[in-house]
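Chemist: Below is the structure, and that's it, no one-letter string:
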């Protein structure tokens, strides 16, 4: 598929192989579904999101939603700092951005280690002068029900999901305030709206991230900093595929049964693509969303039925 990046007035295309994880259902894509960035070229960029030259920090960006978000922000002209625990994996993401005419810095960092986060944020400031857009993102805690987890499991989930967001925001705020404002987007889960079976740790910790974001939207608005939460539904990522396999094994059925069951709960009749989710993140990060703060945006094909 072709990725189109915005760099000033120049658009550059680069070929990139599609992830096999985008074919979640055994029937593949639904008719008319966008296939990643091929459709970005087809639909063009009529709306300038005003992200050119902005500095965006995207942790956990080596695959899945984090990778898609990094590519989307770079495509809109942002200078992107990407991180993951695996240096080679995050180097690949940064190279894809640079090969397409974008600007990226890759930093190996474990979001559960405070020293790594300090080094990550400082690397962004040293390279680009500051941070305008912060995405809080981390891999999900392990699946399981209440009886499976001990205190160490709860503490690990707390550090991974909630404290990584707290620490990243704390570290990025001085730079945002010095630059006169910024944007923080908390990537969470549909579990903040309705708990997901067999994902107890994620259900609890991601609700904490949502509460953090909502509170900070009020506290940071006077500083010109917007804070929003974005909620993915069933998006075709390695994480979701793994959860489908776990549920299939737990229930003693084929994974296709789980996929069909989950798809039947989505009014749009399919899993979303990482690119669809990332486009929504790019919008929230942009000047076009300048009056949106304290909001929770669902990117779920209508799956979540709650009113609030």
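Modeler: Happy to help now that I have it. Note that the structure is a prediction, hence the values are computed from the model and not measured.
Chemist: and residue 138, that's in a helix?
Modeler: No. Assigned with DSSP: H, G, I helix; E, B strand; the rest coil, residue 138 falls outside any helix and is coil.
Chemist: what about residue 191, distance to residue 49?
Modeler: 29 Å (CB to CB, to the nearest Å). Just so you know, the C-beta spots here come from the backbone N, C-alpha and C atoms, and that holds for glycine as well.
Chemist: burial of the closest residue to residue 63 other than its chain neighbours, as a residue count?
Modeler: Spatially, and ignoring its direct neighbours in sequence, residue 63 is nearest to residue 238 (5.9 Å; CB to CB, 6 or more residues apart in numbering). By other CB atoms under 10 Å, 14 other residues sit near residue 238.
Chemist: Am I right that residue 172 is in contact with residue 131?
Modeler: Yes. Counting by CB atoms under 8 Å, residue 172 touches residue 131, with 4.9 Å between them.
Chemist: list residues touching both of these two?
Modeler: Counting by CB atoms under 8 Å, 6 or more residues apart in numbering, the shared contacts of residue 172 and residue 131 are 57, 121, 182.
Chemist: Next, check those against the helices and list the overlap.
Modeler: If you go by DSSP state H, these have residue 121 in helices.
Chemist: Neighbour count added to the shared contacts of residue 172 and residue 131, as JSON lines?
Modeler: Output for these, formatted as JSON lines (neighbours: other CB atoms under 10 Å):
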{"residue": "57", "neighbour count": "31"}
{"residue": "121", "neighbour count": "24"}
{"residue": "182", "neighbour count": "26"}
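Chemist: Out of the shared contacts of residue 172 and residue 131, which comes closest to residue 281?
Modeler: residue 57 (12.8 Å; CB to CB).
Chemist: what pairs with that closest one across the strands?
Modeler: For residue 57, the beta-bridge partners are residue 81, residue 134 (DSSP bridges).
Chemist: Same question for residue 107.
Modeler: According to DSSP bridges, beta-bridge pairing links residue 107 with residue 83.
Chemist: pretty sure it is touching residue 123, no?
Modeler: Yes. Shown here, residue 107 and residue 123 form a contact pair, counting by CB under 8 Å, at 5.0 Å.
Chemist: which one of those two has more residues nearby?
Modeler: In this view residue 107 and residue 123 are compared by other CB under 10 Å, and residue 107 has more residues nearby, 23 against 17.
Chemist: Now do the contacts for that one.
Modeler: By CB under 8 Å, 6+ apart, residue 107 lies in contact with 81-83, 90, 119-120, 123-124.
Chemist: so what pLDDT did it get?
Modeler: Per-residue pLDDT puts residue 107 at 98.
Chemist: follow-up on the earlier one: which of the contacts of residue 107 are buried?
Modeler: Buried members of the contacts of residue 107, scored by 16 or more other CB atoms under 10 Å, are 81-83, 90, 119-120, 123-124.
Chemist: Identify, from those, the entry nearest to residue 99.
Modeler: Distance to residue 99 across these (CB to CB) is lowest for residue 82, with 14.0 Å.
Chemist: how far away is the closest one from residue 291?
Modeler: Per CB to CB, residue 82 is found 29 Å from residue 291.
Chemist: And for residue 235?
Modeler: Taking CB to CB, one finds residue 235 at 27 Å from residue 291.
Chemist: Looking at these two, which one has more neighbours?
Modeler: Remark: of residue 235 and residue 291, residue 235 carries more neighbours, 25 against 7, as counted by other CB under 10 Å.
Chemist: Now the more buried one: phi and psi?
Modeler: Dihedral angles of residue 235 (phi, psi; degrees, to the nearest 10) stand at phi -110, psi 140.
Chemist: Could I get the contacting residues of the nearest residue to it once chain neighbours are set aside?
Modeler: Closest residue to residue 235 apart from its sequence neighbours, by CB to CB, 6+ apart: residue 272 at 4.6 Å. Counting by CB under 8 Å, 6+ apart, residue 272 touches 232-236, 299-301.
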